[in-house]
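Enquirer: this is a predicted model, with the sequence first.
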Amino acid sequence: MPLFTYKAVREDGTTISDEALAGDIRELKESLEARGLLILYVRKKGAGLGRKGISSKDFMIFNQEFMTLVKAGLPILQSLEILSRRTENRAFHAAIEGIIHAIKGGALLSDAMAAHPAFFPPLYTATIRAGEQSGALVDVLQRFISYQKKVLAVRRKVVTALAYPSFLIIALIALLVLFFFYIIPNFTQMYGDQADDLPLLTTLLISFTETFASYAPFIIIGLSGLGIGLYLWQRGETGKKALDHLKLRIPVAKTLFAQYVLGNLTRTLATLLRGGIPLVQAMETASGSIGNAAIAERLMAARRMVIEGTGLAEAFDKTALAPDMTVRMIEVGESSGDLPQMLEEIAEFYEQEVENRLGVLTTMIEPVLMLFMGGVIAFIVIALYLPIFEMGARLK
């Protein structure tokens, strides 16, 4: 029998993660439900590991095509078979074929997709499961596509805002490399015979360049090793948590990071709740998709309070998960009985704030970088041509 991993919610609201042997996903699911557990996901152990997945854009296109086919009245199996033939990504094609095979064996679509987490994250499979239970799969897919479009639009704005400052930094590095490894060494050879008579500024620049060039291989190896080490460290659980906590403490950028994550969190919760997923389960699912371990820890603490009977607004307030304004808006949403709508409005507010702050930051950063670049280049040019200026002054 294959080994499966699963996560479920007990009747008292606590979660359980464990492994079990079963003939297939459906058999294990029936066994767990017989024990009174609310299943969050069941997947074959090792399924989906080591795969690169697909891009967010390709995943959105898949969902749009899938929704269109199902909305047109085609059975789920036939829709998946059509999409499987059209998929160019081999790994994704294999995943869809696995889902088709599992459904033919009696598995639900959500359970079959949950067995391939590299392509179908818990947020998506939980949404699909809610659509299956309510019989409104098309509506759920439409809401998820709308959610994807909003998230991608925010990411695109962030990338666009950071593109020009990043270009300036790369251009500065390229210019410095050109100066240190080509232009300054040529001037050094030209001034070789009068090295003792060079101005102090020129001497310091040439000395620094020679030292830098001598140790350049070691500097490059050291920086590369440091970069690789930091990359591997931040991919681990400890490193990711430390980095996520650090992001929320950086003086200038902490508010931007917090607003970006809170916008993502509230939009995710709104999407899940509109799909018919209970609040406790929605908070559990959202914690794994917001992309910040520090906020996820606070969200899980708030979730435990909600299980004990605390309102969502009060739980957010006590865990310092959101500022007062957001807490009050959530409280209004709970009182009016339209929490998903209020969460969407909060998400839109934070997304607009992120866009505005990015605009202000880039407006401030660009002139600073330009001045810094100009200052560095002016210093190098003056230091290089200073001996020529002095020689011309002596000839007068």
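Expert: On my side now, so go ahead.
Enquirer: assign a three-state SS to residue 107, would you?
Expert: coil (DSSP: H, G, I helix; E, B strand; the rest coil).
Enquirer: what's the answer for the one 5 residues further on, then?
Expert: Of the three states, residue 112 takes helix according to three-state DSSP.
Enquirer: any idea which residue sits dead centre in the chain?
Expert: By C-alpha atoms, centre = their mean, the mean C-alpha position of the chain lies nearest to residue 291, the distance being 5.3 Å.
Enquirer: surely that one meets residue 262?
Expert: No: between residue 291 and residue 262 there is no contact under C-beta atoms under 8 Å: 11.5 Å. Just so you know, the C-beta spots here come from the backbone N, C-alpha and C atoms, and that holds for glycine as well.
Enquirer: where do the strands of the protein begin and end?
Expert: Ranges of strands within the chain are 3-9, 15-21, 38-44, based on DSSP state E.
Enquirer: who does the first one touch, helix- and strand-wise?
Expert: Contact partners of strand 3-9 among helices and strands, from 3 or more C-beta pairs under 8 Å, 6 or more residues apart in numbering; DSSP states H and E: strand 15-21, helix 25-34, strand 38-44, helix 279-287.
Enquirer: pLDDT value on the residue nearest to the centre of the chain, please?
Expert: Looking at residue 291, its pLDDT is 75.
Enquirer: quick one: distance of the longest helix belonging to the chain to the chain centre.
Expert: Ranked by residue count and defined by DSSP state H, the top helix of the chain is helix 339-395. On the basis of C-alpha atoms, centre = their mean, to the nearest Å, helix 339-395 sits 25 Å off its chain's mean C-alpha point.
Enquirer: residue 305 contacts residue 313, correct?
Expert: No: with contact defined as C-beta under 8 Å, residue 305 does not count as touching residue 313 (10.9 Å).
Enquirer: those two: who's more crowded?
Expert: More crowded of residue 305 and residue 313, by other C-beta atoms under 10 Å: residue 313, with 22 against 16.
Enquirer: distance check, that one against residue 144.
Expert: In this view, residue 313 and residue 144 are 26 Å apart by C-beta to C-beta, to the nearest Å.
Enquirer: contact partners for the closest residue to residue 350 other than its chain neighbours?
Expert: The shortest distance from residue 350 to any non-neighbouring residue, by C-beta to C-beta, 6 or more residues apart in numbering, is to residue 263 (3.3 Å). Residues near residue 263 by C-beta atoms under 8 Å, 6 or more residues apart in numbering: 154, 346, 347, 349, 350, 351, 353, 354.
Enquirer: what about the first one, neighbour count?
Expert: The tally of other residues near residue 154 (other C-beta under 10 Å) stands at 20.
Enquirer: what sits closest to residue 76 if chain neighbours are left out?
Expert: Per C-beta to C-beta, 6+ apart, closest to residue 76 is residue 109, 5.8 Å.
Enquirer: likewise for residue 86?
Expert: residue 65 (7.6 Å).
Enquirer: thought the one you found was touching residue 80?
Expert: No: taking contacts as C-beta under 8 Å, residue 65 lies outside contact range of residue 80: 10.5 Å.
Enquirer: how far does stretch 255-273 sit from its chain's centre?
Expert: 12 Å.
Enquirer: keeping just the C-alphas, turn it into CSV.
Expert: Output of stretch 255-273 as CSV, limited to C-alpha atoms (Å, rounded to 0.1, in the frame of the first residue of the first chain):
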residue,chain,number,x,y,z
THR,A,255,5.8,49.5,6.4
LEU,A,256,5.9,48.7,2.7
PHE,A,257,6.6,45.0,3.5
ALA,A,258,3.8,44.8,6.1
GLN,A,259,1.2,46.5,3.8
TYR,A,260,2.1,44.2,0.9
VAL,A,261,1.7,41.1,3.1
LEU,A,262,-1.5,42.3,4.7
GLY,A,263,-2.9,43.1,1.3
ASN,A,264,-2.1,39.6,0.2
LEU,A,265,-3.5,38.1,3.4
THR,A,266,-6.9,39.9,3.3
ARG,A,267,-7.4,39.2,-0.4
THR,A,268,-6.6,35.5,0.2
LEU,A,269,-9.0,35.3,3.2
ALA,A,270,-11.8,37.1,1.2
THR,A,271,-11.3,34.7,-1.7
LEU,A,272,-11.5,31.6,0.5
LEU,A,273,-14.5,32.9,2.5
